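*Asks:* have a look; sequence and predicted model below, questions after that.
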Amino acid sequence: MEKRERFARTILNGFEVFFAEFQNITLAAKSRFENADWQGMQNSARRRIDLRKQRTREIIEYVELVAGEDLRNFEFWKASREIYANLVAGHNNFEIAETFFNSVYCAVFDHRNIRDDYAFVFSAHSDMPAADVAAVFRSYSREPMDQLFGQVLADFAFDIPYENLTRDLENILLVAEQVLVPQLPGIERELRFEVLEHHFFRNKGAYIVGRAASGDHSVPFVLPILHNERGAVFVDTVLFGADKLSVIFSFTRSYFLVDARIPSAYVLFLKQLMPAKPISEIYSAMGYNKHGKTYFHRSAYRHMTGTTDRFVVAPGIKGMVMSVFTMDSYPFVFKIIKDRFTPPKDMSRQQVKDKYEMVKRWDRAGRMADTQEFTNLTLARERFSDELMEELWRVAPSVLEERGKALIIKHVYVERRMTPLNLYLQDATEEQVFAVMDEYGNAIKQLAAANIFPGDMLLKNFGVTRHGRVVFYDYDEIVPLLDCNFRVIPEPRTEEEEMASQPWYSVAPNDIFPEEFRLFFSGNQRARSAFDALHSDIYQAAFWQSLQAQIRSGYVESFFPYRRKLRFNRDLETA
C-alpha cells in the first residue's frame, strides 16, 4: 500500500473513531433522560461539541508520521484527496467524512490555502448522499387517529411508565382534530403517520418528530415528552406545522442528541417538514455543526455567484467591539472583531473569541444565536461597498488582506440576521412594544437560569426573529451568572455621599447593581414603561441571588421551545 493511500486511510480511520464516539455519547442520552440526569445531559452535549477538535488533534500525530516530509506538499494532498474520495464513495456518511478530512487539512495548514484541489471545499460526490428517508421513519396507517397516536406513544415508550397515558391521548386528540381535519382532505378515508425512528433529546425534553398525511397533503408534528422527576413521563403538548417545528430546531438552541446512524436521511426528512429551514442549520441542530458550517459555506458561495448586490454596513448602532456587515439579499450578518475597542471596552481579541466559544458550548436556552466561525474566508472584493471597505480598513486592518480580486478576512463570525430590538421598537405599535418587552425580559431571565449573565443588556444588543422571539447576540461581556456578585446600592450616610458624582462605596470588578439596569432604557420611555410593568423584579438583587442559589443547588431549568400557553393541563387527580 503506497504512502498516499495509507495517509488517506489514516484520516478515514480517524473519522470512524470520531463518529463511533459521537454515536456512543448520543446513545447514552435515552438512559440519562430516564434517570433524570440533567447535569449528565448537559455535560454530554458539551463533550460532544469538543469531540471533533480532540479527535483531529489525536489523528494529527499519525498523519504526520505517515506523510513525513510530504505533510505540507500540496500535490501529495491533492492525490490523497482523490484517494479519500474513492474510499468514501460508498460510505453512508461520506459528506461528514469529507468534512473530517477538511478538519485535518486545516489543522495542518492553519486554515490557509484552502482549495478544492486539496480539500473538500465542494464534495467529490454531491452535497447530500442519496439517502432513503423511508429507512429512518416508522409508518403508521389504516387505524383511527386515536389508535395511531396511541401506537406511536407505545412504540416510543421509555423504561419508565407514562404518568397518565389516557389523559395524554385525550389532550393530543383534542388539538389534533382541530388542526388536522381542516388541513388534510380525505382524512376520514386515509390517515397515515411517518415518524422518525428515534427520540430527539435536549435540555430536559425528548421529542418525537414526524408528520401526519392524507393523500398528497401532510402536516408536521412534534410530541414533546417530559420527565416528572418522580419516575414517570408525560406528553407536554403536541405541535403542528412547519413554523412550530422550525422553532424547535431554532439556531438559538443547543444541539439535539439523536441516534441518527445516517444523519443525511434525517436531514432530508426534516427538510421536507421545514422547507424554509437551511440544510446547514438542520445538520447543526443535530450536533453536526462542523458539517453544518461546510454546507453553509457551499450555500453562501452559490448565493454570492447568483446575486449582484454588495455587502454594506449593517443597520443599527455601531458596536464598540465588532464591525458588522451584511447584504440585502442574504439573511446573515458577518461580524469582525475590531483591532482596537471603543472605550470604555477594555478586553483582548482572544477574550472576545473565548466568549463566543463559551456560547457554542453552553445551553443557549433559545436566547443566544449560534454562529459559524471562519478563518481566512475569501470573498470577492468587488462585492464590498466603498463605505464598508473604508470602515473595515479603519477599524480592523489586521484581519484584512487584498489579493488580486479577492478580499481575505482572517477571522469572522457569521450568524442569522435579526432586527435589532432598538430599531424594532421605533415603529412598533403599543401592543407590539408590550409583547416584545415581555420577550426581552423573558430572554434575560432564561439566560440567567442557564447560568449566563449578558453583561451589557442595551436594547441594541438583542434582536427580534421572524417568529417574534427576542434573542441576545452581543457576547463580549457575558459571564457565568455564578461569577457575579449582585448587590444592593448602599444608602448614603451623609448629604455629601448622596450628592457625590462617583460611588462613595467600594465596587469590585464582579459587583453588579441591578437597580442600575433602568439605564438600559435611556431614551425609550415606552419600552421602559412596558418593561417595568412586566419584569421589574430584574431590578432587584434578590431576584438574581435566588437564581444563583438555584443553580448552585444543581437544579437545571426547563427551557420550552414553545409558548407555555400551549402546554397541556395535567390534572393529576385523574392519574
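*Replies:* Arrived safely, thanks for sending.

*Asks:* now the nearest residue to residue 73 once chain neighbours are set aside: how far from residue 11?
*Replies:* Spatially, and ignoring its direct neighbours in sequence, residue 73 is nearest to residue 67 (8.0 Å; Cβ to Cβ, 6 or more residues apart in numbering). Where you see a C-beta, it was placed from the backbone N, CA and C, and this is true even at glycine. Relative to residue 11, residue 67 is positioned 10 Å away (Cβ to Cβ, to the nearest Å).

*Asks:* more neighbours: which of the two?
*Replies:* Taking other Cβ atoms under 10 Å, residue 67 and residue 11 do not tie; residue 11 has more neighbours (24 against 20).

*Asks:* show me what contacts the more buried one?
*Replies:* Contacts for residue 11 (Cβ atoms under 8 Å, 6 or more residues apart in numbering) come out as 59, 63, 80, 84, 100, 101, 104.

*Asks:* pretty sure residue 166 is in a strand, no?
*Replies:* No. Remark: residue 166 does not belong to a strand; assigned using DSSP: H, G, I helix; E, B strand; the rest coil, it is helix.

*Asks:* can you give me the neighbour number for it?
*Replies:* For residue 166, the neighbour count with other Cβ under 10 Å is 11.

*Asks:* give me the pLDDT for it.
*Replies:* pLDDT recorded at residue 166 is 96.

*Asks:* ok, now residue 574?
*Replies:* Per-residue confidence (pLDDT) for residue 574: 43.

*Asks:* residue ranges in this protein under the pLDDT threshold?
*Replies:* 1, 497, 572-575 (pLDDT under 70).

*Asks:* on that earlier part again, from the contacts of residue 11, which land in helices?
*Replies:* 59, 63, 80, 84, 100, 101, 104 (DSSP state H).

*Asks:* of all those residues, which comes closest to residue 382?
*Replies:* Of all the ones in helices among the contacts of residue 11, residue 101 has the smallest distance to residue 382: 31.5 Å, by Cβ to Cβ.

*Asks:* and the closest one, what does it touch?
*Replies:* Contact analysis of residue 101 by Cβ under 8 Å, 6+ apart lists 11, 15, 81, 84, 119, 120.

*Asks:* distance check, it against residue 472.
*Replies:* 35 Å.

*Asks:* now do residue 7
*Replies:* On the measure of Cβ to Cβ, residue 7 and residue 472 end up 44 Å apart.

*Asks:* how about the helices in the stretch 351-500 of the chain?
*Replies:* Here the stretch 351-500 of the chain has its helices, by DSSP state H, counting those that start in this stretch, at 386-395, 421-426, 430-449, 495-499.

*Asks:* what's the answer for the stretch 151-300 of the chain, then?
*Replies:* Under DSSP H, counting those that start in this stretch, the stretch 151-300 of the chain gives helices at 165-183, 242-248, 263-273, 279-285, 289-305.

*Asks:* can you redo those as JSON lines with distance to residue 137?
*Replies:* Formatted as JSON lines, the helices of the stretch 151-300 of the chain follow (distance: least, Cβ to Cβ, whole Å):
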{"stretch": "helix 165-183", "distance to residue 137": "18"}
{"stretch": "helix 242-248", "distance to residue 137": "15"}
{"stretch": "helix 263-273", "distance to residue 137": "6"}
{"stretch": "helix 279-285", "distance to residue 137": "15"}
{"stretch": "helix 289-305", "distance to residue 137": "22"}
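
*Asks:* please identify which of these is closest to residue 215.
*Replies:* Nearest to residue 215, of all the helices of the stretch 151-300 of the chain, is helix 165-183, at 11.6 Å by Cβ to Cβ.

*Asks:* next, report how far the closest one is displaced from the centre of its chain.
*Replies:* Distance of helix 165-183 from its chain centroid, counting by Cα atoms, centre = their mean, to the nearest Å, is 30 Å.

*Asks:* what's the answer for stretch 521-531, then?
*Replies:* In terms of Cα atoms, centre = their mean, the centre of stretch 521-531 is found 30 Å from the chain centre.

*Asks:* could you do stretch 8-17 as well?
*Replies:* Mean-position distance between stretch 8-17 and its chain equals 28 Å (Cα atoms, centre = their mean).

*Asks:* cool, and stretch 212-229?
*Replies:* The answer for stretch 212-229 is 22 Å, by Cα atoms, centre = their mean.

*Asks:* got the CA positions of it in CSV?
*Replies:* This file holds the C-alpha atoms of stretch 212-229, laid out as CSV (Å, rounded to 0.1, in the frame of the first residue of the first chain):
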residue,chain,number,x,y,z
ALA,A,212,-49.5,13.2,9.5
ALA,A,213,-50.5,12.8,5.9
SER,A,214,-53.5,12.1,3.8
GLY,A,215,-53.1,11.8,0.0
ASP,A,216,-50.6,14.4,-1.1
HIS,A,217,-51.2,16.6,1.9
SER,A,218,-49.2,16.5,5.1
VAL,A,219,-48.7,18.3,8.4
PRO,A,220,-45.5,18.1,10.5
PHE,A,221,-46.0,17.3,14.2
VAL,A,222,-43.9,17.1,17.3
LEU,A,223,-44.7,15.4,20.6
PRO,A,224,-42.5,16.8,23.5
ILE,A,225,-42.1,14.3,26.3
LEU,A,226,-41.0,15.4,29.7
HIS,A,227,-39.9,13.6,32.9
ASN,A,228,-41.9,14.4,36.0
GLU,A,229,-38.8,13.5,38.1
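
*Asks:* mind listing what's buried along it?
*Replies:* Neighbour counts using 16 or more other Cβ atoms under 10 Å place 212-214, 218-227 of stretch 212-229 among the buried residues.

*Asks:* what residues does the residue nearest to residue 73 make contact with?
*Replies:* Residue 67 makes contact with 3, 7, 73, 76 under the criterion Cβ under 8 Å, 6+ apart.

*Asks:* just the buried ones among those, please.
*Replies:* 7, 76.

*Asks:* same list, the contacts of residue 67, but as TSV with secondary structure please.
*Replies:* As requested, these are exported to TSV (three-state DSSP):
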residue	secondary structure
3	helix
7	helix
73	coil
76	helix
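
*Asks:* now, which of the contacts of residue 67 sits nearest residue 464?
*Replies:* Of all those, the one with the least separation from residue 464 (Cβ to Cβ) is residue 7, at 49.3 Å.

*Asks:* that closest one touches residue 66, doesn't it?
*Replies:* Yes. Using Cβ atoms under 8 Å, residue 7 is in contact with residue 66, at 4.9 Å.

*Asks:* how near is the residue nearest to residue 537 when sequence neighbours are not counted to residue 445?
*Replies:* Spatial nearest neighbour of residue 537, chain neighbours left out: residue 543 (4.6 Å); criterion: Cβ to Cβ, 6+ apart. In this view, residue 543 and residue 445 are 9 Å apart by Cβ to Cβ.

*Asks:* and for residue 232?
*Replies:* Using Cβ to Cβ, one gets 28 Å for the distance from residue 232 to residue 445.

*Asks:* equivalent analysis for residue 55, please.
*Replies:* Note on residue 55: its distance to residue 445, by Cβ to Cβ, is 37 Å.

*Asks:* cool, and residue 464?
*Replies:* 17 Å.

*Asks:* now swap in residue 416 and tell me
*Replies:* From residue 416 to residue 445 the distance is 22 Å (Cβ to Cβ).

*Asks:* equivalent analysis for residue 452, please.
*Replies:* From residue 452 across to residue 445, the span is 11 Å (Cβ to Cβ).

*Asks:* so the two - more neighbours on which side?
*Replies:* residue 452 (24 against 19).
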